[in-house]
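Peer 1: Below: sequence and its predicted model.
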Amino acid sequence: MRVHFIAIGGSVMHQLAIALARKGYLVSGSDDEIFEPARSNLEKEGILPAATGWDPVKITPDLDAVILGMHAKGDNPELLRAQELGLKIYSFPEYIFQESRHKKRVVVGGSHGKTTTTAMIMHVLKQEGMDFDYMVGARLPGFEYAVSISDAPVIICEGDEYPASALEKRPKFHFLFPHIAVITGIAWDHINVFPTFDFYLEQFRLFIRMIEPGGMLVYNETDPVLRELVAAEQVNIRKTAYGIPEHQVVDGQTTVVLNGMQMELRVFGTHNLLNLHAAWIVCRELGLPADHFLKHISGFAGASKRLELLAEKGNTRIYRDFAHAPSKVKATIAAMKEQFPDRRLIAVLELHTYSSLQAGFMSEYKGALDPADAALLYYSAHALELKRLPPLDPQVIRNGFANPELEILNSAQELSRWLRRQSYENSNLLLMSSGNYDGLDIATFAKEITA
């Protein structure tokens, strides 16, 4: 197989390229920019393009497939050449399906929790010694890359609702046709793509209809919107609801109970208990007994940037989380307060995504930061410029959050000074962002505070 990647430097695209090269395919690619770690990863595997830029000469009639990344535009010269030659052009998820036609496909979708749920399933299956492929949106401990394509009989995929490519505007998870599907919950996001909530809901209705006949849908019954949506779908599948499993939290330690057996966990929070319950149902469907699942899940420490413990000392802990959408922020803060009820919570949220920087979307965050003992909201002018958005009035933010006293900063230097002024005695610091606070070195700061 000869496969060419247009925009090979993407964070997940380059990992699929590596997986196919390791499978024995002849892989080539192009991109106008390739950053770390993609550059080093591709170079190590011997498939780093000799030069950056687009070159239609690379598009030849003998290519079996051209894989188009989200970064590539519709007028990309390599894409135009591939179309001219009549080559097979795939988006990332379309090609994943081509490689997994004869596998049992597990797809985890939802507005929140899909990365962690996928990671939990992968962790347990690996500890069990099962052979499986995967595609997940984060680097996970014990997995070299976020994509693996081999001859394994099962594939575990995180299913994203964002558009597949510049040519294919339908959501990525519409191309995977699962035998086992999970929907973790629905909360409006990506308003630049889904301008109304009902349009967003429709993507999940369609996803349910794409489950293979006789397949299984595992859904979060604590989400009333999702529960109603699932009930309305008359399809030839099994529907299995999940909720918050029996558990207890004592002195900052969460213990879960399944099938009468209990096990201490390294992760915590209601949202993670929900994720765990979904993962358990999937693993049970794949043949694992409860005692094996509990043994393996007890060692799960979480996916990267999902309530990730950066540093701790005495009664102080510093956590980093990918939370950015309103539902994610609320769930993450609730988890911290539930797990550490006697500690002060200092919460910092960066608005970084297109949706979160929209004045009209701000009311979705109403009350999101209220449970924190000290809260700060950060956004940068640079993020607004990159997304070609107008300046954001701090008063609009305060009105949206319904918090007139909310502190708001938009300078990384000011944020650094604010963080260093706080008292961390008997406190937890929660840093929530899908960005990087304009380059602020959070890991070094965490070590300094807990030194």
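Peer 2: Done, it's in.
Peer 1: backbone phi and psi for the closest residue in space to residue 449 that isn't next to it in sequence, please?
Peer 2: Closest residue to residue 449 apart from its sequence neighbours, by C-beta to C-beta, 6 or more residues apart in numbering: residue 424 at 5.8 Å. Yep, even glycine has a C-beta here, placed from its N, CA and C like the rest. The phi/psi pair for residue 424 (degrees, to the nearest 10) reads phi -110, psi 10.
Peer 1: residues near residue 424, how many?
Peer 2: Residue neighbour count, defined by other C-beta atoms under 10 Å, stands at 18 for residue 424.
Peer 1: do you know how far it is from residue 109?
Peer 2: Here the criterion is C-beta to C-beta, to the nearest Å. By it, residue 424 lies 38 Å from residue 109.
Peer 1: Equivalent analysis for residue 2, please.
Peer 2: 32 Å.
Peer 1: Name the residue in those two with the higher neighbour count.
Peer 2: Using other C-beta under 10 Å as the criterion, residue 2 and residue 109 rank with residue 109 on top: 29 against 13.
Peer 1: so what's that one up against?
Peer 2: Residue 109 makes contact with 159-161, 173, 181-184, 204, 207, according to C-beta atoms under 8 Å, 6 or more residues apart in numbering.
Peer 1: Return the member of the residues you listed nearest to residue 319.
Peer 2: Ranked by distance to residue 319 (C-beta to C-beta), the contacts of residue 109 are led by residue 184 at 20.6 Å.
Peer 1: What about the residue nearest to that closest one when sequence neighbours are not counted, how many residues nearby?
Peer 2: Nearest non-adjacent residue to residue 184, counting by C-beta to C-beta, 6+ apart: residue 110, 3.1 Å away. Residue 110: 27 surrounding residues under other C-beta under 10 Å.
Peer 1: can you check the one 5 residues further on too?
Peer 2: If you count neighbours by other C-beta under 10 Å, residue 115 ends up with 25.
Peer 1: where's residue 124, which helix or strand?
Peer 2: With elements taken from DSSP states H and E, the one containing residue 124 is helix 114-128.
Peer 1: So which residues make contact with that helix?
Peer 2: Contacts of helix 114-128 (C-beta under 8 Å, 6+ apart): 106, 108, 110, 132, 134, 136-138, 140, 142-143, 154, 156-160, 182, 184, 267, 272, 275-276, 278-279, 282-283, 286, 288, 292-293, 295-297, 299-300, 302-303, 306, 322.
Peer 1: and if you look at stretch 366-374?
Peer 2: Here stretch 366-374 makes contact (C-beta under 8 Å, 6+ apart) with 326, 329-330, 333-334, 337, 344-347, 349, 375, 377, 400-403, 406, 422, 427, 430.
Peer 1: can you pull the buried residues of it?
Peer 2: 368-369, 372, 374 (16 or more other C-beta atoms under 10 Å).
Peer 1: Pick out whichever of the contacts of residue 109 sits closest to residue 53.
Peer 2: Nearest to residue 53 among those: residue 160, at 28.0 Å, using C-beta to C-beta.
Peer 1: Surely that closest one is in contact with residue 137?
Peer 2: Yes - under the criterion of C-beta atoms under 8 Å, residue 160 makes contact with residue 137 at 6.9 Å.
Peer 1: can you give me how far the worst-scoring helix or strand of the chain on mean pLDDT is from the chain middle?
Peer 2: Sorting the helices and strands of the chain by mean pLDDT, DSSP states H and E puts helix 381-386 at the bottom, at a mean of 82. Put simply, helix 381-386 sits 22 Å off its chain's centre (C-alpha atoms, centre = their mean, to the nearest Å).
Peer 1: returning to what we had before: of residue 160 and residue 137, which one has the most company?
Peer 2: Legend: neighbour count by other C-beta under 10 Å for residue 160 and residue 137, higher for residue 160 (21 against 18).
Peer 1: Only the buried residues of the least confident helix or strand of the chain, if you could.
Peer 2: Neighbour-count burial for helix 381-386 flags 383-384 (criterion: 16+ other C-beta under 10 Å).
Peer 1: Which helix or strand lies directly C-terminal to that helix?
Peer 2: helix 394-401.
Peer 1: What helices and strands are in contact with that following helix?
Peer 2: Judged by 3 or more C-beta pairs under 8 Å, 6 or more residues apart in numbering; DSSP states H and E, the packing partners of helix 394-401 are strand 407-409.
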